[in-house]
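Engineer: pasting a predicted model and its sequence here:
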Amino acid sequence: MSLSNYLLHLADNALILGHRNSEWCGHGPVLEQDIAITNISLDLIGQSRYLYQYAASITGHGASEDSLAYLRDARSYLNLLMLELPKRDWGFTILRQYLFSEFQLLQYEALQRSADVQLAGIAEKALKETSYHRRWSSEWVIRLGDGTDESHERMQDSLVRIWPYTGELFMPAIFEQEMVATGIGVDPSSFKEEWMSKTKAVFEEATLMVPEEGWSQKGGKEGRHTEHLGYILAEMQFLQRTYPGQEW
Amino acid sequence: MICERDILKLLDSVKDPELPVLSILDLGIVRSVERISMENGEGRWRIVVTPTYSGCPAMDMISMQIRMAMYAAGMTDFEIVTRLSPAWTTDWMTESGKAKLKAYGIAPPHRTGDQTPVECPHCGSTHTQCLSEFGSTACKALYRCEDCREPFDHFKCH
Ligand SMILES: [Zn+2]
C-alpha cells in the first residue's frame, strides 16, 4: 500500500507539472522556448507513465497507467501543491520548474540507490533529462531575475508567491517514512539543506531575495489540494469520464 | 532455422520515425535479442529495447513497428520488453549511425565527456554556437554555424 502511494506521489508530481507546462504549447514567448517547455512536459509525462505502469502492476484489480491518471479523484492525487498552481506568467512557470527540477534531481539521485530495482531504474533514466531541465530553468531564472526592472520585479513577486509552497517538499509523508524504513524510498528532509544552498546560489546570481522561511502550505501528499487541481483534472479526465474506455 | 542474426537484420529495417535515416540498431536502443524457453517447453524471441528519453513519443511507435516487422516476416512467437537500466546513452549509437546523421545534415553526438566543439555538418567548421538546448525533438539542440551561417540540429550527447 505505501509503495503504491509512494509511486503515485512521484507519478502525480510529474504528471501534474507536465500538464501545467503543456499549457504553454503554442503560447510560449518565442518559438524556441515554446519547444523547450513542451519537451520538458513530454519528459515529465513520460516519467509519470513509467511510475504509473509500475504502480498499476502492484495495484492489480485491472489498474493501468490510464486508469490511475484518468479515473482518480482529486482526493486521491498525492502531488505537491506547488505543482498544481496555475502557470501564471512565463517567469512563474520557469521559477517553479527550476525549484522543482533542483528538488527532483536530488530525489532521483538518491532513488538510484533504492532497494527497489525497478524504481532505481526509473530514477536513473529520469535523472539525465532532469539535469537538462535544471540547467535550462536556472539559466532563465538568472536571465529574468537579473534582467529588466519589470522582469526582476515579476520574478521577485513570483518567488514570494511560491515560497510558502516549498516547505511541503521536505516534509515526509507517512508513505515516505515507511518507504525510507524499507530502503526503497528517500527522506526529502535529508536533502533540504543542499536544495537551499543550491537555490540560494542561483537566486543570488539572479539578484533575487529569498523570502524568510515562514508558514508552509501543506496537504498535497495527503490528498488535500487547492481548488486548482480540480480544474486540471476536469480538463484532463473529461474524455475518459464521458466516454469510458475510449481509445484513439 | 532462424537465428539471432536474422532477427537483428529485421530490426535494422525499423527506422526511428523522427529520424528515418537511423535504424533502431544505429540508435543503440535494441539491447538484446535472445531465444528464451517458456514453461510449456516452447521457445520465443525476447527483444529488449530501452527508451531514448522518457517522454519520447516515438517509443510507442517504434514498438509497434517492431511488431509489424516481425509479423510481416511471419513471426509471432516474440515479446518486446522495455528495460530502463542502464539508461540509454548516445555512446551506444553506432559509428555508421553517426555518419548517416551527418550526411543527413545533423551534427552527431560526441562521446560523453568529449568537450570538443560541435562541428557544422554543412561546411565542417567548428565555429558554431548553440542557439537552444531544445531543438525540434527532445534529442536535438539547435545550433548555428558562424562561418556558413546555416542553422543545424545537433543530436545532443546524452
Ligand atoms: Zn557551416
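Structural biologist: Yep, that arrived. Numbering: from 1, shown residues only, chains lettered A, B, ... in the order given.
Engineer: would you map the helices across chain A?
Structural biologist: According to DSSP state H, chain A carries its helices in the segments A:2-22, A:31-59, A:65-70, A:81-84, A:90-111, A:117-145, A:149-162, A:174-181, A:192-205, A:227-242.
Engineer: taking helix A:174-181 as reference, get the angle to the first one.
Structural biologist: Using axes from the mean of the first three to the mean of the last three CA atoms, to 10 degrees, the inter-axis angle of helix A:2-22 relative to helix A:174-181 is 120 degrees.
Engineer: packing partners of helix A:2-22?
Structural biologist: Here helix A:2-22 is seen to pack against helix A:31-59, helix A:65-70, helix A:81-84, helix A:90-111, helix A:174-181, helix A:227-242 when contacts are counted using 3 or more CB pairs under 8 Å, 6 or more residues apart in numbering or on different chains; DSSP states H and E. C-betas here are computed from N, CA, C, even on glycine.
Engineer: give me whichever of the ones you listed is most buried.
Structural biologist: helix A:81-84 (a mean of 24; mean count of other CB atoms under 10 Å in any protein chain shown).
Engineer: how far does that one sit from the chain's center?
Structural biologist: Relative to its chain's centre, helix A:81-84 lies at 7 Å (CA atoms, centre = their mean, to the nearest Å).
Engineer: need the contact list for the residue nearest to the spatial centre of chain B.
Structural biologist: Centroid-nearest residue in chain B, with CA atoms, centre = their mean: B:Leu27, separated by 2.2 Å. By CB atoms under 8 Å, 6 or more residues apart in numbering or on different chains, B:Leu27 lies in contact with B:16, B:52, B:92-93, B:97.
Engineer: so how far is the ion from it?
Structural biologist: 25 Å (CB to the ion, to the nearest Å).
Engineer: phi, psi of that residue?
Structural biologist: Main-chain torsions, B:Leu27, degrees, to the nearest 10: phi -70, psi -20.
Engineer: B:Gly105 versus that one, what's the distance?
Structural biologist: As defined by CB to CB, to the nearest Å, B:Leu27 lies at a distance of 17 Å from B:Gly105.
Engineer: give me the pLDDT for B:Glu133.
Structural biologist: Turning to B:Glu133, the model gives it a pLDDT of 81.
Engineer: measure it to A:Ile45 for me?
Structural biologist: B:Glu133 is 19 Å from A:Ile45, by CB to CB.
Engineer: again, but for B:Ser85
Structural biologist: Taken as CB to CB, the span from B:Ser85 to A:Ile45 is 20 Å.
Engineer: one more: A:Ala181?
Structural biologist: From A:Ala181 over to A:Ile45 the distance is 30 Å, taken as CB to CB.
Engineer: again, but for B:Leu10
Structural biologist: Counting by CB to CB - B:Leu10 and A:Ile45 are separated by 31 Å.
Engineer: same thing with B:Thr128?
Structural biologist: Plainly put, B:Thr128 is 32 Å away from A:Ile45 if you go by CB to CB.
Engineer: again with A:Leu85
Structural biologist: Per CB to CB, A:Leu85 is found 18 Å from A:Ile45.
Engineer: direction included, what does the least confident helix or strand in chain B by mean pLDDT pair up with?
Structural biologist: Here the helix or strand of chain B ranked lowest by mean pLDDT, DSSP states H and E is strand B:128-132, holding a mean of 91. Partners of strand B:128-132 in the sheet, by DSSP bridges, are strand B:140-145 (antiparallel).
Engineer: right, and the helix or strand after the partner strand?
Structural biologist: Per DSSP states H and E, strand B:140-145 leads on to strand B:151-155 as the next helix or strand towards the C-terminus.
Engineer: other SSEs contacting that next one?
Structural biologist: strand B:106-107, strand B:140-145.
Engineer: quick check: which of the ones you listed is nearest to A:Leu78?
Structural biologist: strand B:140-145 (34.2 Å; CB to CB).
Engineer: how about the residues of chain A by chain B?
Structural biologist: Neighbours of chain B within chain A, by CB under 8 Å from any CB of the partner chain: A:18, A:32-33, A:35-36, A:39-47, A:49-50, A:117-118, A:120-122, A:124-129, A:132, A:135-136.
Engineer: secondary structure class for the residue nearest to B:Pro117 when sequence neighbours are not counted?
Structural biologist: Spatial nearest neighbour of B:Pro117, excluding adjacent residues (CB to CB, 6 or more residues apart in numbering or on different chains): B:Thr126 at 4.3 Å. Secondary structure, DSSP: H, G, I helix; E, B strand; the rest coil: B:Thr126 is coil.
Engineer: ok, B:Thr126 - contacts?
Structural biologist: Counted by CB under 8 Å, 6+ apart, B:Thr126 has contacts B:116-120.
Engineer: can you give me the domain boundaries for chain B?
Structural biologist: As assigned by automatic domain parsing, chain B contains the domains B:4-88, B:93-155.
Engineer: nearest residue to residue 81 in space, please, no chain neighbours.
Structural biologist: I'll assume chain A. Per CB to CB, 6+ apart, closest to A:Leu81 is A:Gly220, 4.1 Å.
Engineer: to clarify, I was referring to chain B.
Structural biologist: Counting by CB to CB, 6+ apart, the residue nearest B:Val81 is B:Val48, at 4.9 Å.
Engineer: help me confirm that that neighbour is found in a strand?
Structural biologist: Yes: assessed by three-state DSSP, B:Val48 belongs to a strand.
Engineer: start to end distance for stretch A:180-190?
Structural biologist: 11 Å (CA to CA, to the nearest Å).
Engineer: return the residues in contact with the nearest residue to A:Asn21 once chain neighbours are set aside.
Structural biologist: Of all residues not flanking A:Asn21 in the chain, A:Ser41 sits nearest, at 4.3 Å (CB to CB, 6+ apart). By CB under 8 Å, 6+ apart, the contact list for A:Ser41 reads A:18-19, A:21-22, A:24-25, B:55.
Engineer: hmm, back to that, how close does the residue nearest to B:Pro117 sit to A:Glu194?
Structural biologist: B:Thr126 sits 37 Å away from A:Glu194, taking CB to CB as the criterion.
Engineer: now do A:Gly121
Structural biologist: Distance of A:Gly121 to A:Glu194, given as CB to CB: 24 Å.
Engineer: perfect, that will be all.
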